[in-house]
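Asks: Here is my input; please provide its structure:
(3 chains)
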Amino acid sequence: MDNANFFRRVYDIVRQIPPGRVTSYGAIAQFLGSPQSARMVGWALNNTKTELGDIPAHRVVNHNGFLTGKKAFGGINTMQELLESEGIEIQNDQVIRFQEIFWDPAKELS
DNA sequence: AATTTGACGCGGT
DNA sequence: CACCGCGCCAAAT
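Replies: Numbers count the residues shown, from 1 in each chain, chains lettered A, B, ... in the order given. A predicted model of the protein is given here:
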């Protein structure tokens, strides 16, 4: 993490999210030192699909556990399918047990 | 070049 | 409990 690029850092963090776990935009933003820049995290993730890295952006949802960005995955169910294939239960576009599988970068990476 | 909007989050009304 | 507005920064129009 030499480069202090906001986006680059987001990618690095998201890449470290373990399977079966999820995190939120705000958590990442907070870890980056800008708790109120959650929007930028969203933008960064949107770029991930262009970045062509193995970035599991589907493991990042909003603070409520809703799959707000599923549309950006091309297919409406793509994000959900990916999560389900990892053992994460989704219901009504929302992550079940969100709090239980929540992965906090500031806590896990600290 | 200026304005709007967006995969957000939180506090206030 | 529902709706509104603000903050933050970058990209799209």
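
Asks: For whatever residue of chain A ends up closest to DNA strand B, grab phi and psi.
Replies: At 2.2 Å from DNA strand B, A:Gly69 is the closest residue in chain A, using C-beta to the nearest atom of the strand. C-beta coordinates here come from the backbone N, C-alpha and C atoms, glycine included. Torsion angles at A:Gly69 (phi, psi; degrees, to the nearest 10) stand at phi -100, psi 20.

Asks: if I look at it, how far off is A:Pro105?
Replies: 18 Å (C-beta to C-beta, to the nearest Å).

Asks: How about A:Gln91?
Replies: 25 Å.

Asks: One more: A:Ile90?
Replies: Relative to A:Pro105, and taking C-beta to C-beta, A:Ile90 is found at 22 Å.

Asks: neighbour count winner among A:Gly69 and A:Pro105?
Replies: A:Pro105 (21 against 17; other C-beta atoms under 10 Å).

Asks: For the nearest residue to the more buried one once chain neighbours are set aside, grab phi and psi.
Replies: With C-beta to C-beta, 6 or more residues apart in numbering as the criterion, A:Pro105 has its nearest non-adjacent residue at 4.3 Å, and that residue is A:Phe31. Per-residue torsions, A:Phe31: phi -60, psi -30 (degrees, to the nearest 10).

Asks: does A:Gln94 really touch A:Leu67, like I thought?
Replies: Yes - look at A:Gln94 against A:Leu67 with C-beta atoms under 8 Å: they come within range, at 7.1 Å.

Asks: where exactly do the strands run in chain A?
Replies: A:23-24, A:60-61, A:90-91, A:94-95 (DSSP state E).

Asks: center of chain A - which residue?
Replies: Centroid check for chain A by C-alpha atoms, centre = their mean gives A:Val60 as the closest residue, at 1.9 Å.

Asks: what about A:Asp93, how many residues close to it?
Replies: 15.

Asks: Over to A:Ala38?
Replies: The number of residues packed near A:Ala38 is 18, by other C-beta under 10 Å.

Asks: Could you check the pLDDT of it?
Replies: Confidence at A:Ala38, expressed as pLDDT, is 94.
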